[in-house]
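Student: Mind looking at a prediction? Sequence and model below.
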Amino acid sequence: MCPYVLFMYIRDNIAKRKLELIREDIAEGNDYTQPWLDLDVEAYRLYREKKTKILPEPYCNDVVSRTVMNNINGKKVLCLAGGGGQQSAVFSLLGASVTVLDLTPEQLESDKRAARHYGYNVNTIQGDMRELSVLPESHYDLIYQPISTLFIPDLGELYREVVRVLKNGGLYFSDYAVPLLYMAEDKGWDGRGYVLRITEPYRRGAILETEDEKLNFSEGESFSEFHHLLSDIINGLIAEGLTIKGLWENPRPDNEFPVDNLIPGSEQHRDRYIPFGLSVIAYKE
Ligand SMILES: C[S@@+](CC[C@H](N)C(=O)[O-])C[C@H]1O[C@@H](n2cnc3c(N)ncnc32)[C@H](O)[C@@H]1O
């Protein structure tokens, strides 16, 4: 039994299994479970007070980060499925009033730990991104969702909730796994290039993993992840009345140092050849 909350909202077996897996990552100290406690508070103050245009690390000063982090002082931000004490710390140091909604109580505890460390307040809610009825309507200036949409089968359900709680003029940022590449078998660098093998039809669905770690749609264990089509991601936002402001690959070639300095086959080198993520920013008119 978790010591942090007496009642937890676990909507279904998808959430139940995901919670178990996130807890294994927490036990292993995975990066996304560690709060950012070494942010440069003074650099954030200067940025917040518009005394510098350089956005402090760990975010780089590119169009995506600037779009969501500029002028956020005094605004209401929802970090959706964004627990862990990372983005809540950044937005709080930028002067926003931050709410974090996340499935995992321990992740929310890290948000509180970061808040105590820097001396601000954060509102944390244990919940499910598909069910935001605990949040007020038309309230948030920014909803920031780190990579987590792949944990639910139906994006439409999430997008409807997002639209309901977003203010008119508010922004919705979300990171996604790149469709197709997510299911490709990575055969690594063969001396001439990266070899990917596509063995699954391109379609949406629940991803399963066989004992020999092959991802597919028909056999093996569920780890509560789902493959979405690019059209589901983009058209789903449009269908709920949101307007797309932009879409960017991650990592973005424009930000990265020269590829010649990287070792072929290394993670950094591979990421320069095969972007793993997409960032999408939409807004509610
Ligand atoms: C990869 S982490 C992203 C957050 C982290 N701050 C980061 O920077 O990477 C994904 C988060 O999604 C949460 N999550 C998974 N399924 C969820 C659901 N159905 N509703 C709300 N949160 C969920 C997990 O607890 C986890 O904290």
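Tutor: Sure thing, it's come through.

Student: For residue 192, give me phi and psi.
Tutor: phi -120, psi -20 (degrees, to the nearest 10).

Student: That one: how many residues sit nearby?
Tutor: 7 (other CB atoms under 10 Å). No exception for glycine: its C-beta is placed from N, CA and C like everyone else's.

Student: Check the spacing between the closest residue to residue 22 other than its chain neighbours and residue 58 real quick.
Tutor: Among residues not flanking residue 22 along the chain, residue 104 sits closest, at 4.8 Å (CB to CB, 6 or more residues apart in numbering). With the distance defined as CB to CB, to the nearest Å, residue 104 ends up 22 Å from residue 58.

Student: Also residue 208?
Tutor: Separation of residue 208 from residue 58 (CB to CB): 34 Å.

Student: Who has more neighbours out of residue 104 and residue 58?
Tutor: Neighbour tally, residue 104 and residue 58, criterion other CB under 10 Å: the higher count belongs to residue 104, 24 against 11.

Student: Let me see the contact set for that one.
Tutor: 19, 22, 23, 26, 83, 126 (CB atoms under 8 Å, 6 or more residues apart in numbering).

Student: helix, strand or coil for the first one?
Tutor: Secondary structure of residue 19, reduced to three states by DSSP: H, G, I helix; E, B strand; the rest coil: helix.

Student: Quick one, grab the pLDDT at it.
Tutor: We have a pLDDT of 98 for residue 19.

Student: OK, contacts around it?
Tutor: By CB under 8 Å, 6+ apart, residue 19 lies in contact with 10, 103, 104.

Student: Mind putting the residues you listed into TSV with pLDDT?
Tutor: Shown next, in TSV, are those (pLDDT from 0 to 100):
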residue	pLDDT
10	97
103	98
104	98
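
Student: Check these one by one and keep those near the ligand.
Tutor: Filtering the contacts of residue 19 for proximity to the ligand (criterion: CB under 6 Å from any ligand atom) leaves 103, 104.

Student: With adjacent residues omitted, what lies nearest to residue 80?
Tutor: Per CB to CB, 6+ apart, closest to residue 80 is residue 145, 4.4 Å.

Student: In this structure the one you found contacts residue 166, no?
Tutor: No. Using CB atoms under 8 Å, residue 145 makes no contact with residue 166, being 11.5 Å away.

Student: Fine by me, thanks again.
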